[in-house]
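> Sequence and predicted structure below; questions after.
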Amino acid sequence: MEAHAHADGDHPPVANVSSRVDARLLGMFLFIASEVMLFGSFFTAYFFVRVVNGYSWPPHGDHLPVFVAGVNSAILLTSSATMHWALQSIKRGHRAGLQAGLVLTFLMGATFLGTQIAEYARIGFAPRDNAFATIFFCLTGLHGAHVFVGLTLLLFATIRAFRGHFSPEHHHGVEIPGIYWHFVDVMWIVVYTTVYIL
């Protein structure tokens with residue numbers, strides 16, 4: 001009895017955890033759920049401006065670079081594939097695939113963000129001009145901010161990958177940024193389709 005009490009006294013009790021979902025993954029899923037609600041509020045404003053008020057989209061004289069944004073979309077969606085490749089590589093113990101996948105994902109994400117910034121510089125209208133311009137910059141800018149956060153996570157994951165921090169057994173540092181990156185890609189599909197295509 002004394003030995004058992006002594007053993008219990010050496011270590012704190014094990015925290016209650018779910019056997020189905022890792023707490024770190026669950027935290028990311030809950031965070032993404034809150035981000036979906038944030039995007040939802042911006043899309044509500046978009047539909048209010050466009051549908052409820054009958055606002056012409058885009059207004060006469062304004063032009064959206066649909067083709068450039070389409071190519072940019074293809075770049076971002078391809079980065080989701082390289083992110084998946086990086087995760088599957090480390091699960092199989094292939095460090096070179098992990099490193100290459102993370103570097104390619106980061107470069108494509110940076111290309112997407114750089115192209116979006118260049119688009120802002122040449123688009124010909126500003127957020128203050130009208131409701132269309134305001135909601136355009138709000139929606140695409142919100143997504144751009146999420147891309148920047150994703151790139152920051154990818155940068156740290158890439159540095160850790162080159163330092164040998166990940167293994168087939170321990171790869172949450174790749175998986176969690178990957179889940180966030182896939183969320184960013186999916187949200188861009190919604191933003192691009194809603195704002196540029198419809």
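Here it is on my side, so go on.
> Kindly provide the distance from residue 50 to residue 138.
Per C-beta to C-beta, to the nearest Å, residue 50 is found 13 Å from residue 138. (Each C-beta comes from the backbone N, C-alpha and C, glycine too.)
> Equivalent analysis for residue 159, please.
For residue 159, the distance to residue 138 - C-beta to C-beta - is 32 Å.
> Neighbour count: those two, which is higher?
residue 138 (14 against 11; other C-beta atoms under 10 Å).
> secondary structure element for the more buried one?
For residue 138, the host element (DSSP states H and E) is helix 131-162.
> pLDDT of whichever helix or strand comes after that helix, averaged?
Next along the chain after helix 131-162, taking DSSP H and E as the criterion, comes helix 172-191. Averaging the model's pLDDT scores along helix 172-191 yields 94.
> residue ranges with poor pLDDT in this structure?
Per-residue confidence for the chain (pLDDT under 70) gives these ranges: 1-19, 61.
> One more pass at 80, please.
Residues of the chain meeting the criterion pLDDT under 80: 1-22, 52-62.
> who's in contact with the residue nearest to residue 73 when sequence neighbours are not counted?
Among residues not flanking residue 73 along the chain, residue 192 sits closest, at 5.1 Å (C-beta to C-beta, 6 or more residues apart in numbering). Contacts for residue 192 (C-beta atoms under 8 Å, 6 or more residues apart in numbering) come out as 69-70, 73.
> PyMOL command for the buried members of those?
Buried residues within the contacts of residue 192, by 16 or more other C-beta atoms under 10 Å, are selected in PyMOL with:
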select buried, resi 69+73
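> what would the contacts of residue 192 look like in TSV with secondary structure and distance to residue 142?
As requested, those are exported to TSV (DSSP: H, G, I helix; E, B strand; the rest coil; distance: C-beta to C-beta, whole Å):
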residue	secondary structure	distance to residue 142
69	helix	15
70	helix	20
73	helix	16
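> which one of the contacts of residue 192 is nearest residue 80?
For the contacts of residue 192, the closest approach to residue 80 (C-beta to C-beta) belongs to residue 73, at 11.0 Å.
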